[in-house]
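Enquirer: I need the structure of the sequence given here:
(one chain, ligands or ions: 1)
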Amino acid sequence: MLYVCSIYEEIRLVRKLLMCQELEGRTHWWSLQASVEFIMGPEPEVSESGNKGLGTLKEDSDGTIPGRIDAFNGLAEGSYFSDVLQAKCGHYGDLPASKISELMKLGSLENTSTQSLFTVTNMILDECVEGKNENIPQRVASILNKAHCKSREERYQSKIRALETLATGTTEENEVVMNQLRQMKIEKTKMEEVLKLEQHDLTILRQEKDRCESLILSLEEEIRLTKQDYEEKCFQLEARAEETKDKLLKKILELERLLTDSRNKVKELEDFSESKFLRWKRKEHGYRHFIDSQFESLQDLRLASESIKQEVSKIKNVYAEEFYHFGVNIKGLIDAAQNYHSVLEENRKLYNEVQDLKGNIRVYCRIRPFLPGQSRKQTTIQYIGENGELVVINPLKPGKDSHRLFKFNKVFGPASTQEEVFRDTQPLIRSVLDGYNVCIFAYGQTGSGKTYTMTGPNATSVVDWGVNYRALNDLFNISQNRHSSIAYEPNGLAVPDASMHPVKSTSDVLELMSVGLMNRAVGATALNERSSRSHSILTVHVRGTDLETNAVLRGCLHLVDLAGSERVDRSEATGDRLREAQHINKSLSALGDVIFALAQKNPHVPYRNSKLTQVLQSSLGGQAKALMFVQLNPDVESYSETISTLKFAERVSGVELGAARSNKEGRGVRELMEQVATLKDAAAKKDEEIVRLRLLKTNGNYSIGVGRSSQQLSGVKSSDGKAAFDMDNSSEYSDKHSDAGSQQSVDDFRHQKEFFQQSKLAVVGGTENYLEDIESNLNLADGGKSPNGSIQFLESGDVDTDENLVICLTEFFLWEPRLILQSIVFLKVRSHLQIQLKSEHFLHFYSLTLLKGPICNRRNVPFELPRPPTKQGQAGSSRLSLSRSSTKVPSSKRATLGSSSAVKLPKNWH
Ligand SMILES: Nc1ncnc2c1ncn2[C@@H]1O[C@H](COP(=O)(O)OP(=O)(O)OP(=O)(O)O)[C@@H](O)[C@H]1O
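Expert: Have a look, this model is predicted:
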């Protein structure tokens, strides 16, 4: 086996050598290669004993291998070069050097046998000796080189061949060796497996060993640390023990010292207490002696104190008396002080009452804040006072005159909330439920916040609710709170379409208001993107019955959000907007005219000039409570509008409407009203009587003191027939009156006055003292000044008797029942007395008339006044003879009359 290996090794080496030769001498390796493979087959693995094999090959190369090498050489025979050499034999010198080189390059020399090469070489050398060719050495060198290589190659080839032969010959040996080798391989595999197992065990053992070693190391480390820790602790404990020991020693020393001190102190104290005890003993003795002597003195003092006591009690009595006098004086002072406060309070109250009685329209001013995006604008508002003062400036024209002061009932600044504004409005809302007519309206230029104040920006948010929502909410809440004393009927709400809707709760109202708001015309202008283009009037009628007195309360609330006044150049209104603006401005100027007329106390108030003033007539001209919100835009660009708005507001605040009156109808009033209705019928009959008498007079058959007035009377009344006494016609009259303005009413009253001056009604019987009663009982406190009322009609100097006056008045009021409720009558009685007669006075007066018994004409002709309805509802038709009981006004009513009109009850009033 080793032998074979060495052969293979040998072959391998030969191959290597050939390769080198090829590189050096350009031998045709490929041909040799092919030969070697042909002989050897695939190259075996090289064993480490390769060198040894080569030695063996050398030994054998001299024996059996040469034959094979010869055979191999025979393969290379017959090449081109040998042919050339044979052809040229003996004449190689003719072969030029370049040709030889070329042949060498082409490899033709490769195929030449070594023998031929040597022959050529010898010939060249001979030439060289003979000096035939100078280039011989180079050529010789190359040929020699070639020859050398060739010889080596041939040697190797022969070796290869020999080796191959050897290899073939050793096949059997090989098989044995191979078997042995397989056996050995099996053994080797087994050995390897055992080795593997052992190696695996070894690995495990090594790992175990490593683990144990690391464990040992960690345990050693732990022991080392524990030991170190233990040593440290021992050291610390020892140190602490040392320390404690020192401390304890010190303490023991200290305690010993203290003990010694205490013992000394105890000793000292014992000595001291001993001495003190002795001293106390001595002192006790001294005190005993002192007490005895003091006791004696005490006896003396007791006697002295008895006498002093008696003296003190005497002085005490004197003091008590003086204190009493002081007390009386101080009480007087306290009373005076308290009175002073109550007087002050009363003064304030009286002042307010005077204001209420004067009935001035209240004016609240509200300034809206700058809107988002306007914060940098200049403001015209310089000062807002607590008591309604407002100073406005024009920042664009600074100077002395740029400041203007206005004063109103209240001024609300930009930061005021909806609730604050309503808080000052609330008392008026309560008045509606007390039977007053109330009108609240907002006035101001467009975009100044009227709708914000009256309605609010957002109906769904209670905080944002404006006056309208809050007022209606209040009305319902208060009416519910009062349900035990006053029964309010389902209220009526007039919405902008002028229809009446019964409402029972706030939600009804909210619903109706949202309908109204939806119907309201709204449009965008340059000054307000949601500008109201129409006036909004919300009217609430309230009717309640006092459960105790059966008195009926009627109140009416107007909530008015006016459309804004605007300068069309600023609002940039065109087309429909412009026409709206013109209408709005027209109606607002009509309102201004009404206000102006009222402020000037003009006899004619032009209510009829616009729908707006017509609707507000009862609130502005009647005895209602009115409140105006003046809305301001603080922007400097609106300065001129602000000033004109404020001037208007100032004028409004000067308007006196007269004291507001509650629409309360007591049972007595209602009975009287019923009687009035009955009397109307009677009057109609009387008319006929008058006509009849006139006819009689004309015919000269009957003479009675019925003058022109009767004719007029009949004329007036018969001109429009029986309707003249129709109560319903009063409203028609009212309309006419309003239509033509107050001038017509003045004419009417002049006409009435003439009638009364000329009237000579013959009324006689049992009424002698009427005028005395009237004079003494009706309030003359006004000193005869003309009141604000719209009627001044009687100058009855010509009325020759008291009875005439009474009957005239009665007649007059029967004709004009409207005046009972609305007017103030100015009477001039007997040409030297002026009596202010208000409607309550009239009722009082009228009651007197009825109570005074039958009214007859001068000639004892029974005056045909109807009897008031009896309990069975039958109207009397002959003489008026009412018993006192039938017309007796309830005591509550009497009190009302007395207080509200300051009329004293007549002497014979029960
Ligand atoms: N007190 C306030 N606080 C906050 N914003 C306000 C206030 N007053 C008004 N505004 C705002 O100013 C704008 C104009 O207000 P509003 O529409 O009420 O004015 P107006 O006087 O009713 O205008 P117009 O006459 O054109 O209808 C609105 O955007 C409103 O929300």
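Enquirer: contacts, neighbours, all on C-alpha from now
Expert: Noted.
Enquirer: residue 191 and residue 185, how far apart?
Expert: 9 Å (C-alpha to C-alpha, to the nearest Å).
Enquirer: next: residue 197.
Expert: Residue 197 sits 18 Å away from residue 185, taking C-alpha to C-alpha as the criterion.
Enquirer: also residue 481?
Expert: 123 Å.
Enquirer: who has more neighbours out of these two?
Expert: A side-by-side neighbour count of residue 481 and residue 185, using other C-alpha atoms under 10 Å, places residue 185 first with 14 against 11.
Enquirer: after whichever strand or helix holds that one, which helix or strand is next?
Expert: Assessed by DSSP states H and E, residue 185 sits inside helix 171-358. Using DSSP H and E, the helix or strand that follows helix 171-358 in sequence is strand 362-367.
Enquirer: which helices and strands does that next one pack with?
Expert: Helices and strands touching strand 362-367, by 3 or more C-alpha pairs under 8 Å, 6 or more residues apart in numbering; DSSP states H and E, are strand 410-412, strand 625-632, helix 639-653.
Enquirer: please work out which of those is packed deepest.
Expert: Across the helices and strands packed on strand 362-367, averaging neighbours per residue (mean count of other C-alpha atoms under 10 Å) puts strand 625-632 on top, at a mean of 26.
Enquirer: ok, back up a step: and the angle from the helix holding residue 185 to strand 362-367?
Expert: Here helix 171-358 runs at an angle of 150 degrees relative to strand 362-367 (axes from the mean of the first three to the mean of the last three C-alpha atoms, to 10 degrees).
Enquirer: same question for helix 171-358, mean pLDDT?
Expert: Average pLDDT, helix 171-358: 87.
Enquirer: what does stretch 605-622 give?
Expert: For stretch 605-622, the per-residue pLDDT averages 79.
Enquirer: can I get that stretch in CSV, CA atoms only?
Expert: Output of stretch 605-622 as CSV, limited to C-alpha atoms (Å, rounded to 0.1, in the frame of the first residue of the first chain):
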residue,chain,number,x,y,z
VAL,A,605,-101.2,115.2,20.5
PRO,A,606,-100.7,113.7,17.0
TYR,A,607,-101.2,110.1,17.9
ARG,A,608,-102.8,109.3,14.6
ASN,A,609,-99.8,110.2,12.5
SER,A,610,-98.5,106.6,12.6
LYS,A,611,-99.6,103.2,13.5
LEU,A,612,-96.9,103.0,16.1
THR,A,613,-98.1,106.0,18.0
GLN,A,614,-101.7,104.8,17.7
VAL,A,615,-100.8,101.6,19.4
LEU,A,616,-98.8,103.3,22.1
GLN,A,617,-101.4,106.0,22.7
SER,A,618,-102.9,104.4,25.8
SER,A,619,-99.4,103.9,27.2
LEU,A,620,-98.1,107.3,26.4
GLY,A,621,-101.1,109.4,26.9
GLY,A,622,-103.0,107.5,29.5
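Enquirer: buried sites along that stretch?
Expert: Across stretch 605-622, burial judged by 16 or more other C-alpha atoms under 10 Å covers 605-610, 612-614, 616-622.
Enquirer: and these, which of them are in helices?
Expert: 612-614, 616-621 (DSSP state H).
Enquirer: how's this structure carved up into domains?
Expert: 2-169, 210-358, 419-653, 666-901 (automatic domain parsing).
Enquirer: residues in the stretch 301-450 of the chain within reach of the ligand, list them.
Expert: 368-369, 414, 446-450 (C-alpha under 6 Å from any ligand atom).
Enquirer: quick one: buried ones out of those residues?
Expert: By 16+ other C-alpha under 10 Å, those give 368-369, 446-450 as buried.
Enquirer: among those, which are in helices?
Expert: Short answer: those in helices (DSSP H) are residue 450.
Enquirer: tell me which two of the buried ones among the residues of the stretch 301-450 of the chain next to the ligand sit farthest apart.
Expert: The most widely separated members of these are 369 and 446, with 14.4 Å between them, by C-alpha to C-alpha.
Enquirer: mean confidence score for stretch 423-438?
Expert: Per-residue scores along stretch 423-438 average to 85.
Enquirer: which residues of the stretch 351-500 of the chain score low on pLDDT?
Expert: 351-360, 375, 490-500 (pLDDT under 70).
Enquirer: tell me where it has strands.
Expert: For the stretch 351-500 of the chain, the strands defined by DSSP state E, counting those that start in this stretch occupy 362-367, 381-384, 389-392, 404-407, 410-412, 437-444, 486-488, 491-494, 500-503.
Enquirer: which of the ones you listed is buried the deepest?
Expert: When the strands of the stretch 351-500 of the chain are compared using mean count of other C-alpha under 10 Å, strand 437-444 is most buried, at a mean of 26.
Enquirer: so which elements touch that strand?
Expert: Going by 3+ C-alpha pairs under 8 Å, 6+ apart, strand 437-444 lies up against helix 426-433, helix 450-454, strand 552-561, helix 611-621, strand 625-632.
Enquirer: of the ones you listed, which approaches residue 377 most closely?
Expert: strand 625-632 (14.8 Å).
Enquirer: let me see the mean pLDDT of the helix or strand hosting residue 120.
Expert: Per DSSP H and E: residue 120 is located in helix 114-130. Average pLDDT, helix 114-130: 69.
Enquirer: after it comes which helix or strand?
Expert: By DSSP H and E, the next helix or strand past helix 114-130 is helix 136-169.
Enquirer: which neighbouring elements make contact with that next one?
Expert: So helix 136-169, by 3+ C-alpha pairs under 8 Å, 6+ apart, packs with helix 2-25, helix 29-40, helix 50-61, helix 65-76, helix 97-106, helix 114-130.
Enquirer: ranking those by mean pLDDT, which is last?
Expert: Mean pLDDT per stretch puts helix 50-61 lowest among the helices and strands packed on helix 136-169, at a mean of 39.
Enquirer: tell me the contacts of the closest residue to residue 394 other than its chain neighbours?
Expert: Nearest in space to residue 394, with sequence neighbours left out and distances taken as C-alpha to C-alpha, 6 or more residues apart in numbering, is residue 402 at 5.4 Å. When contacts are counted by C-alpha atoms under 8 Å, 6 or more residues apart in numbering, residue 402 touches 392-395.
Enquirer: how about the residues you listed in TSV, adding distance to residue 475?
Expert: Converted to TSV, the contacts of residue 402 look like this (distance: C-alpha to C-alpha, whole Å):
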residue	distance to residue 475
392	36
393	40
394	42
395	44
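Enquirer: how many neighbours does residue 624 have?
Expert: Neighbour number of residue 624 under other C-alpha under 10 Å is 27.
Enquirer: touching, it and residue 435? I think so.
Expert: No. Using C-alpha atoms under 8 Å, residue 624 makes no contact with residue 435, being 10.0 Å away.
Enquirer: among the helices and strands packed on strand 362-367, which comes closest to residue 470?
Expert: strand 625-632 (15.5 Å).
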